[in-house]
Each structure stands twice: as structure tokens, then as C-alpha cells.
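A.B. asks: have a look; sequence and predicted model below, questions after that.
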Protein chains: 2
Amino acid sequence: MIYNNSYLNHKKIQSLNFLGLFIMKICIIGANGMVGKKLVKKILSSDLDQAQIKKVCLFDINLNKKNHTRVTHIKGNLEDLTQIRKLASERFDIIFHLAAIVSGEAEENFEKGWNVNLFSMWHLLIALKTEHMSSSNTYIPKLIFTSSIAVFGAPFPNKIDDEFLCSPQTSYGAQKASAELLISDFSRKGYIDGISLRLPTICVRPGLPNKAASGFFSNIIREPLNGQKAFLPVDITVRHWHASPRTAADFLIHAALLDYSLLKNRRSLNLPGVSCTVEEQIEALRSVAGQKVVDLIIFKKDENIEKMVSGWPKNFFPQKALELGFKAENNFEEIIKIHITDELVSS
Amino acid sequence: MIYNNSYLNHKKIQSLNFLGLFIMKICIIGANGMVGKKLVKKILSSDLDQAQIKKVCLFDINLNKKNHTRVTHIKGNLEDLTQIRKLASERFDIIFHLAAIVSGEAEENFEKGWNVNLFSMWHLLIALKTEHMSSSNTYIPKLIFTSSIAVFGAPFPNKIDDEFLCSPQTSYGAQKASAELLISDFSRKGYIDGISLRLPTICVRPGLPNKAASGFFSNIIREPLNGQKAFLPVDITVRHWHASPRTAADFLIHAALLDYSLLKNRRSLNLPGVSCTVEEQIEALRSVAGQKVVDLIIFKKDENIEKMVSGWPKNFFPQKALELGFKAENNFEEIIKIHITDELVSS
């Protein structure tokens, strides 16, 4: 409740247009990822006073360049210190940081995971601090970092609240939790103004499967809807925490609007989502698309994935994020319908 | 309760001598610090089967070398990668890691704090992983890391339990919390077998004041007992969490004896301590040493210290550590008496 009033006042001030009056230059690191693409589309197509956004810079290791008057592209690697410094020297007002080595790959390639997911964050933050210092402390960029519920590890309470410890059981989760600590400390010192958004598992992921161990939650919906078989590697009783790609982009936009003094020095935020079992996912698919589609899901146990998933969160009470106005879907049927609308109908 | 039985069985097995039958080589990083010295003394003077300890290596940036048949000295710097690799190549069975840039200095010198307190830990762990790999995965050292209650940040519940989040409000605390995440992840992968001990504020610190912002908790006891004035920079209502240097060394020895599978993948442990206000500290001093000694405490507000301390923990319920057999003092009078016995009488 303590956040509500000030949040609403702030919201009122900013409500005149989408990204506020003060935003000039935006950078999206990891712009070519699944959430990155949604975010870019949302920013560029929004009903905002376009003159307020002078420049949107897309940074990714892979980029499909499309011409757009206000968009620049940097095909770059976060392991390259020179590129990080160059990026920082642009003095973006808002930096969305979505780039990561995903969970499966971070387990396979231990040092690469730590290098990209933690140490490149350090180098970026130090480069931003250097800009802050050389601006006589006037340059303080907003940094919006996509963290993950992988920062948590079993055993869990029924619902994870905003004061539950980080005890990650994957390298990916440990890297996200460490990066959060960096962002908090650089923010506390006033070098940046950062927030870490602990995204639910994003579902239904469009496109091809990646190395994220959580990929099957999407595969069992997306592939059958495309008339393809999909393998389910875990038991249907597995419960997990989901939000749609559309909601993920909305979370990021919402975070860009927030006044972070409302976070009261706790800059890592558990976000809203839908808690459901795989069985409930399948029931939702049956209700939306019918039995024939559901029949394409084939159970094929994978003990490695089962072991990883057993240490993942099942449910949350994200009080602070709800009070700050973050919103997710109400049930898994909505998540499937959004997938159909955004990926199968409109694209 | 779940830890008790297995802990006792394990304890029984190990009880024949001080550091068990399997310990051959021990390294103490930060051996010349306040707790390090106590630990070295305890290990070398203990009633153990001395033949079992082949080598004790003391590593510190400052060292006073004393001849001892089983002791080697390395005057080294954790910022020097070559030295870290050389240390790791010794394949110590137990590594106590006590070295740190303290809280006050880590605030003043931001990058140095992160370099020493986090990145040197990364380099040490990678060097140990290299030894692990080249030993065909047979070398898995025990790493015992002195973390701190500075990993926590206000607001707090009445008593911080074992599942409360890390939300550090100092760089020192953020660095300790990040190092804990590294130790947990390297341990989960099987490269090391690590534990992070979140020490209470160690009180009464002997010797000269250092740059730790918590120093005054000791100064107001130690200096008056020596007939010297001491300045109190905060209000007497400030409550905090303390343990003696003797207990800190005992914690480390106790941790060396533990089977870390009992930690159930949560390798950062809140330790027992004494919760008391500065007023209760002063009352304890009065009761042990009289009014004349107490009269040497002079209130002199320091807003910087007051601000830092206001974000520090006040009280804990360290259930897991208690179940695992860690013990601290029962009240602050005991802490003062231990100081008098260990520092003013016996030394």
C-alpha cells in the first residue's frame, strides 16, 4: 500500500505520453532476442510524441538491420570491452539490458556464462560510471535489466514473497543474482539508476527452440498449434510461473516509466505471472484448440531437465510489483490466446 | 531438527581429534588479520594429532613471519593473478578465506573493493577449478569464506531468519553477497566444497582501529578498558549483532569439521551472536569494569556512520547454524570478559 499513492501521482504526471517527456536516447542490448524484438516493435509503433525519442539503438550479437529513421544498429559482442565502452559513450538515457547466455548454455559452458552474464555487466557499469564521472555527475542513465526467477532455488514456501532469499540452483540464476547486486550497488552510489526485473518464464516463446532448459513449457503449446509434435520432458504435475512475451515487453515499458525511488533501495523486483501446472497448461490448450492439437504432445522424460526444473519456483506473491502497477495475464488460456493473436494471426 | 542427527553422527566420527583425520594441508588467506591470527593460534596450539597436518600456509598482504616447523608464509596480494594460481597449485585440502577490503575502505575506493572482494575470489575459484579438472576431478578443496551480516539491508523483520533476502546497503555487503553466489555455484558444480559464514560484527576487536565502519562498537569497550577515551558516533539506542574474536575462530574451526551436504545447497549461513543495544554494551562495561571506565566514552555524532549503521541488521534467528552446532556468547558481558581474558590478561 505504501507505494500506491506516490505511484499514482507519478503515473499521472507521466501519463500524457508513452515514454515520458525526458527520454531522448534509448539503447536495447539484446534487441534481437525474443523479448527484445517485441520491445523494439512496441517502442517504435507506440502512440508517443515521436520527437521525444531522438534515437533508438539496437545492440545484439545477431541483427537483421531494417531501415528506420530513428533506429541505429550495432552488431556487437558484450565480451568486447571496446564495444562496451563505445556503447556507454553514447550516453543513452535508458538502457534496456536483455542480453544473456541462457540457462542450458550457461550450464554447459560455465566460464562463458559467467563472462557474459556477470562480467560484461561489470564492464558496462564501469563504463557508465566513467561517463557519469566525466559529466560532473549529471549523467545517470536508467538501466532496466531482465533478471529471472532462476535467482530462486528450492525449497520454496507456497508462494515466494518479496523478501525471500536468492538461492539459485543454476549458474544462470547465480549470474542473474550477482548482476542484480552490481546494479543495486552502482545505483546506490548514484552512478546509474537501475532496476532488475525478475521475469517469469516467458511463454509461449515464438520461433525456434533455444537452449533455455525452460523451453519445453513453450514447445508443448507452440509446436502442436503448428501441427507439429512436441516432447514433454517432465511430469504433468510440475507447477511453474509464466507470462507472455507481450507482457514481458509491457513490463519493460512500465519499468521505464517508474520512479525508482519508490523501490526504497530494493531494486530487484519479482514480477506478476500465472502459476499453473503442465496439466493446466495442457487443459488450457485443449480448451482453446481442441483434443487433436493436444494429442501432438508426447511424454518423453528427460532426467536432466526434470532435475533442473525441480529446483525452480512454482508460485509468487509479487506484492511490490503489483502495487507499482505491473500486470500479467490472469490464466494460461489468456497466454495461449495472446500467442495466437500475436504470432499466428498478426504476423 | 533435520540437521541434528546427521550432524551428531558426523561429529562423533570426527571427534577423535580437532581437525579430523583427512586434513593434510591448510591455507589461511588473510592470516594476519584480527580473526586470522586467532585462527592460526588455535590451529597450531590445539590438542590434535599434529602428524595429520602436514602444512599450514599463511597468506596475507602483511605478514610477521615466525618460525614454526609446519608453517609456511606467503606475503602476497590477491590482486596478483600469478600468486593466486600459485596458491591454488598447492592443492590445499582446506582454504580459509578471510581476506577483505573492509566496509569503510570499500565505500571510499569503489573499484578496489569490487576487485579484491569479488574478482579476486573469481580468480581463486577458477584457479581451484583448474586444479580440480587436472586432478581428474578428485581434488575438491573445502573453502571456508568469512562473509558478513552486511549482506542484509533494512528494512528488517524483528529477527532475520535463514530465508531472508540479501539486500546490502554497502559495497562491502554487495561484494560479500556476490562472492557467496560464486562459492555456491562452484560448489554446486563440484569444483570446490564451499561454505560462506556470515559473521556477526566481531567485538571486541583488539589492536588499533581499522577502516571498518563498525569499529566503534569495539572502540567504546577496548579504549576505556585501556584508560583511553573513545568516541561514540551513534545513538545509544542502536541495536546490533555481535560475537567475540574467540568465537569467530571457533566458528571457522567448526565449519572445517562440517559435512556440507547438511547445508542442502544453501551454503551461506547466518551465525549465532548477541543482539544488544549500545546502551546495553555500556551497561555491561559498567558492570564488568565500573563507572570510571564508562566515563571515558564520549558521544560525538557522525552522520556518515549513523547512516550506514541504520541499514545494518539488529537481530537474528540463525536456526540452521544453531542446529549445526555453531555457538556464540550468551550476552555482552561474556564478550567483554573474553576480551579481558584473551587480550588483557593472557597476551
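C.D. replies: Happy to help now that I have it.

A.B. asks: show me the shaky parts of the stretch 1-150 of chain A.
C.D. replies: Low-confidence segments of the stretch 1-150 of chain A, defined by pLDDT under 70, span residues A:1-23, A:46-54.

A.B. asks: name the nearest residue to whichever residue of it sits closest to chain B, sequence neighbours excluded.
C.D. replies: Proximity to chain B, evaluated over the stretch 1-150 of chain A using C-beta to the nearest C-beta, is greatest for residue A:110 at 6.6 Å. For glycine as for every other residue, the C-beta is placed from the backbone atoms N, C-alpha and C. Leaving aside its sequence neighbours, residue A:110 sits nearest to residue A:171 (C-beta to C-beta, 6 or more residues apart in numbering or on different chains; 6.1 Å).

A.B. asks: surely the one you found touches residue A:106?
C.D. replies: Yes - here residue A:171 lies in contact with residue A:106, judged by C-beta atoms under 8 Å, at a distance of 4.5 Å.

A.B. asks: so what sits against both of the two?
C.D. replies: Residues within reach of residue A:171 and of residue A:106 at once, by C-beta atoms under 8 Å, 6 or more residues apart in numbering or on different chains, are residue A:113.

A.B. asks: show me the contacts for residue A:108.
C.D. replies: Taking C-beta under 8 Å, 6+ apart as the contact definition, residue A:108 lies against residue A:211.

A.B. asks: just to revisit the earlier point, give me the neighbour count for the residue of the stretch 1-150 of chain A closest to chain B.
C.D. replies: 16 (other C-beta atoms under 10 Å in any protein chain shown).

A.B. asks: try residue A:318
C.D. replies: When neighbours are defined as other C-beta under 10 Å, residue A:318 has 22 of them.

A.B. asks: what sits closest to it if chain neighbours are left out?
C.D. replies: With C-beta to C-beta, 6+ apart as the measure, residue A:270 is the residue that lies nearest to residue A:318, at 4.3 Å, once sequence neighbours are left out.

A.B. asks: is it true that the residue of the stretch 1-150 of chain A closest to chain B touches residue B:182?
C.D. replies: No - between residue A:110 and residue B:182 there is no contact under C-beta under 8 Å: 11.5 Å.

A.B. asks: show me which residues of the stretch 151-300 of chain A are close to chain B?
C.D. replies: Contact residues (C-beta under 8 Å from any C-beta of the partner chain) of the stretch 151-300 of chain A with chain B: A:153, A:155, A:157, A:162-169, A:171, A:174, A:177-178, A:181-182, A:184-185, A:188-189, A:264-266.

A.B. asks: buried ones from those, can you make that a PyMOL selection?
C.D. replies: Applied in PyMOL, the following selects the buried portion of these according to 16 or more other C-beta atoms under 10 Å in any protein chain shown:
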select buried, chain A and resi 153+162+163+164+165+166+167+168+169+171+174+177+178+181+182+184+185+188+265+266
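
A.B. asks: so what pairs up with the residue positioned nearest the centre of chain A in the strands?
C.D. replies: Ranked by distance to the mean C-alpha position of chain A (C-alpha atoms, centre = their mean), the top residue is residue A:146 at 3.9 Å. Beta-bridge pairing of residue A:146 under DSSP bridges involves residue A:197.

A.B. asks: before we move on, which element is residue A:305 in?
C.D. replies: With secondary structure defined by DSSP states H and E, residue A:305 is part of helix A:303-310.

A.B. asks: residue contacts, residue A:203?
C.D. replies: When the contact criterion is C-beta under 8 Å, 6+ apart, the partners of residue A:203 are A:217, A:218, A:221, A:242, A:243, A:244, A:335.

A.B. asks: quick check, the last one in a helix?
C.D. replies: Yes - Residue A:335: assigned to a helix according to DSSP: H, G, I helix; E, B strand; the rest coil.

A.B. asks: which strands or helices does the longest helix seen in chain A pack on?
C.D. replies: The single longest helix within chain A, with elements called by DSSP state H, is helix A:171-188. Here helix A:171-188 touches helix A:103-108, helix A:110-114, helix A:120-134, strand A:142-148, strand A:193-199, helix B:171-188, going by 3 or more C-beta pairs under 8 Å, 6 or more residues apart in numbering or on different chains; DSSP states H and E.

A.B. asks: which one of those lies closest to residue B:256?
C.D. replies: With distances scored as C-beta to C-beta, the stretch of these nearest to residue B:256 is helix B:171-188 (15.1 Å).

A.B. asks: average pLDDT across that closest one?
C.D. replies: Throughout helix B:171-188, pLDDT has a mean value of 98.

A.B. asks: over to stretch A:303-314?
C.D. replies: Computed over stretch A:303-314, the average pLDDT equals 88.

A.B. asks: list the contacts for the closest residue to residue A:183 other than its chain neighbours?
C.D. replies: Once flanking residues are discounted, residue A:183 sits nearest to residue A:194: 4.0 Å by C-beta to C-beta, 6+ apart. The contact partners of residue A:194, by C-beta under 8 Å, 6+ apart, come to A:142, A:143, A:144, A:145, A:183, A:184, A:186, A:187, A:260, A:267.

A.B. asks: surely residue A:299 meets residue A:230?
C.D. replies: No - here residue A:299 does not reach residue A:230: they are 10.4 Å apart, not a contact under C-beta under 8 Å.

A.B. asks: tell me if residue A:343 really is in a helix.
C.D. replies: Yes - under three-state DSSP, residue A:343 falls within a helix.

A.B. asks: give me the pLDDT value at it.
C.D. replies: The predicted structure scores residue A:343 at 93 on the pLDDT scale.

A.B. asks: looks like it contacts residue A:221 (just checking).
C.D. replies: No - the pair residue A:343 / residue A:221 is not scored as a contact, 10.6 Å apart, by C-beta under 8 Å.

A.B. asks: residue A:299 and residue A:230: who's more crowded?
C.D. replies: Counted by other C-beta under 10 Å, residue A:299 and residue A:230 do not tie: residue A:230 has more neighbours, with 19 against 12.

A.B. asks: in terms of helices and strands, where is the residue lying closest to that one once chain neighbours are set aside?
C.D. replies: Computed as C-beta to C-beta, 6+ apart, the closest residue to residue A:230 that is not its neighbour in sequence is residue A:223, at 3.7 Å. Assigned by DSSP H and E, residue A:223 falls within helix A:216-225.

A.B. asks: what's the average pLDDT for that helix?
C.D. replies: If you average the pLDDT values across helix A:216-225, you get 96.

A.B. asks: restrict that helix to CA atoms and write it as CSV.
C.D. replies: Output for helix A:216-225, consisting of C-alpha atoms alone and laid out as CSV, is shown next (Å, rounded to 0.1, in the frame of the first residue of the first chain):
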residue,chain,number,x,y,z
PHE,A,216,9.5,-27.2,-23.2
PHE,A,217,6.9,-25.0,-21.4
SER,A,218,6.5,-23.2,-24.8
ASN,A,219,7.3,-26.1,-27.1
ILE,A,220,4.3,-28.1,-25.9
ILE,A,221,2.0,-25.2,-26.9
ARG,A,222,3.6,-23.7,-29.9
GLU,A,223,4.5,-26.9,-31.8
PRO,A,224,1.1,-28.6,-31.6
LEU,A,225,-0.6,-25.3,-32.6
